[in-house]
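> One predicted model, sequence on top.
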Amino acid sequence: MNRTTNFILLQANVVFNKQISFFSYDYEDTKDGRNRAFRNAIEKFKNKKIIKISPRITKYILVYKVNITDDIIYCQLAKRTQMNTYKLNEDTIEQESIDSYPPLDVFINLKQQQFAVELNTKILNASSIVTTVKNLINSLIKDYSIFFNTIENKKEFWELISEKDSIQEISFDLIVPNFFGATGAAKDLVSGAKDSLNADSVELSIRNKKGGLKASLNAIDSFVKYSSNSGSWKLKIKAEGQSKYRTISSTDYCIRKEIESEILNLIKNIDDNWKIENNIYSELINKLNGLFDYEE
């Protein structure tokens, strides 16, 4: 039986600072300009081959491996861990700690400005992956920022909310700008904050301490759709029969995709002189494109 590996999808959103971009003519604040800025950051990463950050006491690295197509890049993400080994030293056995970097497979889709990152919670959970990728990529750039968020299916949000549940709080974190064609109140709020205040994100929290919130489709659907593609959401909710409220994050319900281990093993053997039969290559590309294919 062929094993599979789970991946989560991260959406990148390029945000230009109005004061900085006023003096920079490299990129326009348009869909095309943001795409060129994103590609520029990834090109810097490819040229460096490896980028590292060391927040607090640990270390994270992102290693460029190879371009599979013009728009899909293969790389690996790792967090430094400590591994104990035991060595024989003359007539005694001594314990020694060494650094270990168990890798997560990563695919970058330049056209869609998305990352597909292997999910292995023994190494990094979904929330930590978002933070780590954001900090690694932003270590390469100065004149703009790139935000990352997991992508969710908005149906998951509505399935969490039922008439039997008590909702105390709904929070949305909306990143400025987006390029997926959002409309409605969410877009109006974010666009206004960007134009008037030079905001790079907007946080909206709706609360009722007694748990009487009514999450109607007409009232908040645009915010659910927006945050599922370009931001995040949180719910503070209590199911019927429970005494305490629990907080649910959108990262807990992010879209997960699978790819067969034999495909990953094939990719790991790619190098600049790599050759493969056309039919196998076509299947491989179809599998990788499938990672970034999802229903909203």
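Okay, I see it.
> contacting residues around Val63?
For Val63, the contacting residues are 49-50, 75-78, 103, by Cβ atoms under 8 Å, 6 or more residues apart in numbering. In short, each C-beta sits where N, CA and C put it, glycine included.
> Buried ones from the residues you listed, can you make that a ChimeraX selection?
The buried subset of the contacts of Val63, as determined by 16 or more other Cβ atoms under 10 Å, is captured in ChimeraX by this line:
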select :75,76,77,78,103
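> CA atoms of stretch 117-126 as PDB?
What follows is stretch 117-126 as a C-alpha-only set of coordinates in PDB (Å, rounded to 0.1, in the frame of the first residue of the first chain):
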ATOM      1  CA  VAL A 117       4.200  22.600   3.200                       C
ATOM      2  CA  GLU A 118       4.400  19.100   4.600                       C
ATOM      3  CA  LEU A 119       2.500  18.800   7.800                       C
ATOM      4  CA  ASN A 120       4.300  16.800  10.500                       C
ATOM      5  CA  THR A 121       3.300  18.000  13.900                       C
ATOM      6  CA  LYS A 122       6.200  16.200  15.500                       C
ATOM      7  CA  ILE A 123       8.300  18.900  13.800                       C
ATOM      8  CA  LEU A 124       6.100  21.900  13.300                       C
ATOM      9  CA  ASN A 125       2.300  22.500  13.700                       C
ATOM     10  CA  ALA A 126       0.300  24.500  11.200                       C
END
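> Now do that stretch, average pLDDT.
The average pLDDT within stretch 117-126 is 95.
> cool, stretch 188-205 as well?
Confidence for stretch 188-205, expressed as mean pLDDT, is 89.
> got it, and stretch 245-263?
For stretch 245-263, mean pLDDT rounds to 91.
> In that stretch, which residues are buried?
Within stretch 245-263, the residues that count as buried by 16+ other Cβ under 10 Å are 249-255, 257, 259, 263.
> How about stretch 39-54?
40-42, 45, 51.
> how far out from the middle of the chain is it?
17 Å (Cα atoms, centre = their mean, to the nearest Å).
> Other residues contacting it?
Contacts of stretch 39-54 (Cβ under 8 Å, 6+ apart): 59-64, 67, 73, 75, 108, 110, 132, 135-137, 139-141, 146.
> again, only using 7 Å
Residues outside stretch 39-54 that contact it (Cβ atoms under 7 Å, 6 or more residues apart in numbering): 59-64, 73, 108, 110, 135-137, 139-141, 146.
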